[in-house]
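Asks: need a structure here:
(4 chains, ligands or ions: 4)
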Protein chains: 2
Amino acid sequence: MPFLENIEYDHLLEEFKSVLRKNSLKFTKQRETILKTLYNFPGHFLPEEFYNLIKKNEPNSNIGIATIYRTLNLLEESEIVTALSFGKNGKKYELANKPHHDHIICKNCGLILEFEDKSIEKRQKEIAQQNGFELTNHIMQLYGICPKCKRKKIGI
Amino acid sequence: MPFLENIEYDHLLEEFKSVLRKNSLKFTKQRETILKTLYNFPGHFLPEEFYNLIKKNEPNSNIGIATIYRTLNLLEESEIVTALSFGKNGKKYELANKPHHDHIICKNCGLILEFEDKSIEKRQKEIAQQNGFELTNHIMQLYGICPKCKRKKIGI
DNA sequence: AAAATATTGATACATTTTATCATTTTTTTA
DNA sequence: TAAAAAAATGATAAAATGTATCAATATTTT
Ligand SMILES: [Mn+2]
Ligand SMILES: [Mn+2]
Ligand SMILES: [Zn+2]
Ligand SMILES: [Zn+2]
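Replies: Ligands and ions are numbered 1, 2, ... in the order given. Below you'll find the predicted structure:
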């Protein structure tokens, strides 16, 4: 593993440990495995997908699905991961190691791209203000057909 | 009921009947009751909330919860209603009798306000295009604290 | 090392939504 | 308009995602 990534992971680990200490929580093998998996697999994953990813990559870990849910919730509250909601199809999690962004999603193949747009973010703040709201967060997801699927001329 | 509203409702009803005819579906008392309730109660409601609304307002209808779900799905596919997702807390439905809009939602009291912003919509189209996507739809929800709740100085 | 504390995996349970199916209602046909 | 065909219904079982419970285990503190 390249040097830089090791440094980044160590930093992340320290951040997690700090959150745990602050809340009188314990540093366990399972929590470390989940954090490492988040780090090693950039992308957007459902709890179930993490569960299978860990079973495959850390066959000796034997983590229960409940621990996956518990730990992702903890990491989300701690803002170490962010979640992307798919309605009743669950939430996909990703490491929060990049600046805020939104997503554009292919309705055919599920491809997820990321983007950020300062002008939209600015308008959102203005709209909230106009309505007297104190804005805390937002969700924005664009849905469509990706270039690859367009080429295949899929009928959705 | 005022005259204008009757005209609008009749128009809506004809639209629904046309969808049903087109798909060889039948016009039933239950489907009419649900459409009428959507029309009479503007707002954003969960299937369960519609179910209770109808039980209260049409005590003789005896509609099953399954029919509520089935009919809302049908109306959504037919673009007669639109849905607002609340993750695992379900979807709130509203009659699609106004132009496209997005929502700003109070995290404390659940108040939902509507807005439309042409400049955001335009940027969304541009972003999709830049990524080679054919944009079909989007979701955007702003979350925050409404003026009333702000005044109460709620600690979230 | 012992005691205190928190976590874990298994699994029961909760919640939202869909599937199943016998019966009823609506529409078509004659 | 009566009979036949087709679809919808309500009740409820089942699926799917996520949370709660709990005895056993691991971590941390003393
Ligand atoms: Mn992302
Ligand atoms: Mn609305
Ligand atoms: Zn695609
Ligand atoms: Zn409020």
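Asks: tell me the contacts of the residue most central in space within chain A?
Replies: The residue lying closest to the centre of chain A (C-alpha atoms, centre = their mean) is residue A:94, at 1.8 Å. Residue A:94 sits next to A:38, A:42, A:43, A:44, A:45, A:81, A:82, A:83, A:84 when contact means C-beta atoms under 8 Å, 6 or more residues apart in numbering or on different chains. To be clear about C-beta, it is placed using only N, CA and C from the backbone, and glycine gets the same treatment.
Asks: element containing it, please.
Replies: Element membership for residue A:94, per DSSP states H and E: strand A:91-95.
Asks: dump that strand to PDB, keeping only the CA atoms.
Replies: Output of strand A:91-95 as PDB, limited to C-alpha atoms (Å, rounded to 0.1, in the frame of the first residue of the first chain):
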ATOM      1  CA  LYS A  91     -29.100   3.900   2.100                       C
ATOM      2  CA  LYS A  92     -25.700   3.700   0.500                       C
ATOM      3  CA  TYR A  93     -22.800   4.800   2.600                       C
ATOM      4  CA  GLU A  94     -19.500   6.300   1.600                       C
ATOM      5  CA  LEU A  95     -16.500   7.600   3.500                       C
END
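Asks: check whether that strand comes near DNA strand C.
Replies: No. Strand A:91-95 lies out of reach of DNA strand C by C-beta under 7 Å from any atom of the strand, never closer than 14.3 Å.
Asks: got the angle between the next helix or strand after that strand and strand A:91-95?
Replies: Per DSSP H and E, the first helix or strand lying C-terminal to strand A:91-95 is strand A:102-106. Orientation check (axes from the mean of the first three to the mean of the last three C-alpha atoms, to 10 degrees): strand A:102-106 against strand A:91-95 gives 130 degrees.
Asks: partner strands of strand A:102-106, with direction?
Replies: strand A:112-115 (antiparallel), strand A:134-145 (parallel) (DSSP bridges).
Asks: and for the lowest-mean-pLDDT helix or strand in chain A, what's in contact with it?
Replies: Least confident helix or strand, chain A: helix A:3-22 with a mean of 86, by mean pLDDT, DSSP states H and E. When contacts are defined by C-beta under 8 Å, 6+ apart, helix A:3-22 is touched by residues A:25-27, A:31-32, A:35-36, A:39, A:75, A:78, A:80, A:95, A:97.
Asks: can you select the buried ones from those in ChimeraX?
Replies: The ChimeraX selection below is limited to those of the contacts of helix A:3-22 classed as buried (16 or more other C-beta atoms under 10 Å in any protein chain shown):
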select /A:31,35,36,75,78,80,95
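Asks: any chance of the contacts of helix A:3-22 in TSV, plus distance to DNA strand D, secondary structure and pLDDT?
Replies: TSV is the format used below for the contacts of helix A:3-22 (distance: C-beta to the nearest atom of the strand, whole Å; DSSP: H, G, I helix; E, B strand; the rest coil; pLDDT from 0 to 100):
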residue	distance to DNA strand D	secondary structure	pLDDT
A:25	8	coil	98
A:26	4	coil	98
A:27	4	coil	98
A:31	9	helix	98
A:32	9	helix	98
A:35	14	helix	97
A:36	14	helix	97
A:39	19	helix	96
A:75	12	helix	98
A:78	15	coil	96
A:80	17	coil	96
A:95	18	strand	95
A:97	22	coil	89
